[in-house]
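J.: Give me the fold of what follows.
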Amino acid sequence: MSLVNFGLTIFFRFAFPLNVEKMSFLLPKLQTKKDVDHIIKTVAERVLVLRFGRDQDPVCLQLDEILSKTAHDLSKMAAIYLVDVDSVPIYTRYFDISYIPSTVFFFNGQHMKVDYGSPDHTKFIGCFKTKQDFIDLIEVIFRGAMRGKLIVHSPIDPRNVPKYDLLYHGI
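T.: From the prediction side, this is the model:
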């Protein structure tokens, strides 16, 4: 390691200390129902990705890392936002978000559904195994939405889709 690289490493460690709570700092966050409504209505001709979760949750941080690494590459096809489940409880109830992280997709204000081979087609629950899984999913949703489809088949290998059981409240 040269002295220049060593100096830059030391600079970045002190100027930008690694803090778990700030890991998802690179992606915009929506704090209120009004913000979420506005984004759903105004993002046009791109897939809107809403990650519902908590900033301190380790699985959410893992997903946020994948989302932030792909955000620039997918900027022509997708807009990615983070939503704290505790700050917008009406959407948490509406989308029945029992497990976090949960990722919901929209295109031109329409809720896009994906057949993952799991019980719920309305959202992706858990973290993507690889960046490529997320990129492939966005491409399939984008192409399907451009053709007028509201539900598409997931390109993700079924072994890479997290397994879960649905919870029914009040039954």
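J.: drop to CA atoms for contacts and neighbour counts, all remaining ones
T.: OK.
J.: Just list the residues touching residue 131, thanks.
T.: 66-67, 69-70 (C-alpha atoms under 8 Å, 6 or more residues apart in numbering).
J.: and what of residue 71?
T.: By C-alpha under 8 Å, 6+ apart, the residues touching residue 71 are 78-80.
J.: quick one: which of these is nearest residue 26?
T.: The closest of those to residue 26 turns out to be residue 80 (C-alpha to C-alpha; 10.4 Å).
J.: How about the secondary structure of the closest one?
T.: Secondary structure for residue 80, judged by DSSP: H, G, I helix; E, B strand; the rest coil, is strand.
J.: how close does the closest residue to residue 107 other than its chain neighbours sit to residue 81?
T.: Using C-alpha to C-alpha, 6 or more residues apart in numbering and skipping the chain neighbours, the partner closest in space to residue 107 is residue 47 (4.8 Å). Here residue 47 is placed at a distance of 11 Å from residue 81 (C-alpha to C-alpha, to the nearest Å).
J.: Same drill for the two, tell me which one is more crowded.
T.: More crowded of residue 47 and residue 81, by other C-alpha atoms under 10 Å: residue 47, with 29 against 22.
J.: For that one, name its beta-bridge partners.
T.: Going by DSSP bridges, residue 47 is paired in beta bridges with residue 78, residue 107.
J.: tell me the mean pLDDT for stretch 43-52?
T.: For stretch 43-52, the mean pLDDT works out to 94.
J.: oh sorry, the question was meant for stretch 55-66
T.: So the average pLDDT for stretch 55-66 ends up being 91.
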